[in-house]
Structures are given as C-alpha cells and as structure tokens.
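Asks: I'd like to go over a predicted model; first the sequence, then the structure.
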Amino acid sequence: MRKKFKPAVPGWVYLDTYLHMHGNQRLKIENCRRILEYHEVMVRLQTIDMIIEIWGTGLRVFDYADSSVTVTGKISSVNLTEKS
C-alpha cells in the first residue's frame, strides 16, 4: 500500500527583508510588517527583524499589499536598525 506524506512545510517561507533600490527615486521593501510613521520627509517601516527609516523629500508610499511597500520621491538616506 502506498502512503502519501505531506511535507512539514508546504512551501518555502521567506521571512528575510529585501530592499530593491532604483537610483534615488524608488525603493521597494519586501516582507514589511507595518508602516510606523509616514511623512513627506521620512518613512519608518517595521519588518520582522528591523526598523527601516527612509529620509528624503517628497516621499510617497505606494503598493502596500502582500507585505511589500514601494517608497518614491528623492531618497537621501536609508537607515537600518535591528530590533531588540
């Protein structure tokens, strides 16, 4: 008799944070948990293991779906702080 086994994990789960930067005009963050703060000059995001601060001018947040966020505007710096 043939038995079917279900895998322990049905699919790979990617929990790492991925940053995709396109020049200084667009930044896509994958695996974002929530938006903590959002202003025209600063966006603060929470991921699984860090807080990400994006500084610049004219910042806007787009595409907050499926745990990814796209920030556009003139980005001057990105700060990564490990959660304690």
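Replies: Sure, I can see it.

Asks: Now the one helix or strand residue 27 maps to: buried residues?
Replies: Here residue 27 is covered by strand 26-30, with elements defined by DSSP states H and E. Buried positions in strand 26-30, judged by neighbour count with 16 or more other C-beta atoms under 10 Å: 27-29. In this view, the C-beta of every residue, glycine as well, is placed from N, C-alpha and C.

Asks: again with stretch 41-48
Replies: Neighbour-count burial for stretch 41-48, counted by 16+ other C-beta under 10 Å, picks out 43-45, 47.

Asks: Could you single out the nearest of those to residue 53?
Replies: Proximity of the buried residues of stretch 41-48 to residue 53 (C-beta to C-beta) peaks at residue 44, which lies at 5.1 Å.

Asks: Pull up the pairing partners for the one helix or strand that closest one maps to, direction included.
Replies: With the criterion set as DSSP H and E, the secondary-structure element containing residue 44 is strand 42-47. Partners of strand 42-47 in the sheet, by DSSP bridges, are strand 32-38 (antiparallel), strand 50-65 (antiparallel).

Asks: what inclination does that strand have with respect to strand 26-30?
Replies: Angle between the axes of strand 42-47 and strand 26-30 is 20 degrees (criterion: axes from the mean of the first three to the mean of the last three C-alpha atoms, to 10 degrees).

Asks: before we move on, the earlier item: and which of the buried residues of strand 26-30 is nearest to residue 17?
Replies: residue 29 (6.8 Å).
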